[in-house]
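Undergrad: From the sequence below, what's the structure:
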Amino acid sequence: MKQLDLRGKTAVVTGGAGQIGRAICKALADCGANVAVNYYSQEDFAQKLSYSLEIDYGVKSVAIQADITDKKSIEVMKKEINEKIGIADIIVNNAVFNDYEWENVLDADAASYESQFRSSVMQAVFMAQAFVPDMIKRNYGRVIGINTECSMQMFPCQSAYVSGKRGMDGVYKVLAREIGKNNITVNQIAPGWTITDNNRDPDPSLPNIKQSFPYISTVPMGRRGNDEEIANAVCFIASDLASFITGNFLAVCGGNVMPSI
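TA: Okay, the predicted model is just below:
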């Protein structure tokens, strides 16, 4: 019986120093994968995280700065990863640009849409162009995009975020058809409102927990998910246990949204 074992594999996690990204990096390392921790501005944390992956899990790791909206920057990152820890078998496109206003369509600035297009759609394109050719040569690979439950909810003031993520969905589904013959799977994980280091309040009376009550009331499982649960889904999709799963949008949100046939 196959096991969830990523030993001998090399993974690249964009936004690896971010809230969900760091959990993904740790989970992949825990499964035995060598991990490249991409960051944009959190250099100190990314370097410490990379060091801890090597010490705690005994894998190879490197922290690398790159702008995932810039093709040349991604190509430079790939070259460094190849030299330091090996050719990537798994890419997890987790980074997203968050510095924009959540406004209704009539008030939103064009820059908000452009930032989401570049950090969602063009990241998917540039990362594929950089890393997938080596996967094709080796007849093996895993491409994983981090999407969001918002793509199905389409609530007011989400239009910039949703437009980027739904555009990203189109890229991945077409890519899945194009490279499936090369034994490469392409899938998306769609988290709900996730508990991370940024909001892991131990006391249920704290404001951050109280704020989540209206959201929780809509979730069939009656709670918010946590970053480890998102990371576990990534590891499954990255493993040989998911060797015949491609083109999927896997919602990891306790049933808050349910993709249907």
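Undergrad: pLDDT weak spots in the stretch 101-250 of the chain?
TA: 201-212 (pLDDT under 70).
Undergrad: Could you pull out the strands in it for me?
TA: For the stretch 101-250 of the chain, applying DSSP state E, counting those that start in this stretch gives strands covering 141-146, 184-191, 249-252.
Undergrad: Arrange those strands in a markdown table, one row each, with mean neighbour count as further columns.
TA: No exception for glycine: its C-beta is placed from N, CA and C like everyone else's. Output for the strands of the stretch 101-250 of the chain, formatted as a markdown table (neighbours: other CB atoms under 10 Å):
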| stretch | mean neighbour count |
| --- | --- |
| strand 141-146 | 26 |
| strand 184-191 | 24 |
| strand 249-252 | 19 |
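Undergrad: so which of those comes closest to residue 50?
TA: strand 141-146 (19.6 Å; CB to CB).
Undergrad: do you know how far the residue most central in space within the chain is from residue 61?
TA: Against the mean C-alpha coordinate of the chain, by CA atoms, centre = their mean, the closest residue is residue 94 at 2.7 Å. With distances taken as CB to CB, to the nearest Å, residue 94 is found 16 Å from residue 61.
Undergrad: What of residue 174?
TA: Residue 174 is 32 Å from residue 61, by CB to CB.
Undergrad: before we move on, what about residue 170?
TA: Distance from residue 170 to residue 61, by CB to CB: 32 Å.
Undergrad: residue boundaries of the helices in the stretch 51-200 of the chain?
TA: Along the stretch 51-200 of the chain, counting by DSSP state H, counting those that start in this stretch, helices occupy 71-84, 110-116, 123-138, 150-153, 159-179.
Undergrad: Tell me which residues are up against the last one.
TA: Meaning helix 159-179. 96, 100, 102-105, 108, 112-113, 115-117, 119-121, 123-125, 128, 132, 135-136, 141, 143, 145, 147-148, 150-151, 153-154, 185-188, 246-247, 249 (CB atoms under 8 Å, 6 or more residues apart in numbering).
Undergrad: for stretch 229-244, same thing?
TA: Stretch 229-244 has contacts (CB under 8 Å, 6+ apart) with 2-6, 9, 11, 20, 23-24, 26-28, 31, 33, 90, 92, 142, 144, 146, 185, 187, 189, 191, 194, 245, 250, 252.
Undergrad: repeat for stretch 124-133
TA: By CB under 8 Å, 6+ apart, stretch 124-133 touches 12, 14, 68-71, 74-75, 77-78, 88, 91, 93, 141, 143, 145, 168, 171-172, 175, 179, 184.
Undergrad: let's see it at 7 Å
TA: Contacts with stretch 124-133, where a contact means CB atoms under 7 Å, 6 or more residues apart in numbering, come from 12, 14, 71, 74-75, 78, 88, 91, 93, 141, 143, 145, 168, 171-172, 175, 179, 184.
Undergrad: mind putting the helices of the stretch 51-200 of the chain in a markdown table, mean neighbour count included?
TA: Listed next are the helices of the stretch 51-200 of the chain as a markdown table, based on neighbours: other CB under 10 Å:
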| stretch | mean neighbour count |
| --- | --- |
| helix 71-84 | 16 |
| helix 110-116 | 16 |
| helix 123-138 | 19 |
| helix 150-153 | 19 |
| helix 159-179 | 19 |
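Undergrad: Output the ones you listed as a markdown table; include the columns distance to residue 46.
TA: Putting the helices of the stretch 51-200 of the chain into a markdown table (distance: least, CB to CB, whole Å) gives the following:
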| stretch | distance to residue 46 |
| --- | --- |
| helix 71-84 | 12 |
| helix 110-116 | 22 |
| helix 123-138 | 17 |
| helix 150-153 | 26 |
| helix 159-179 | 23 |
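Undergrad: Identify whichever of those lies nearest to residue 224.
TA: helix 150-153 (14.6 Å).
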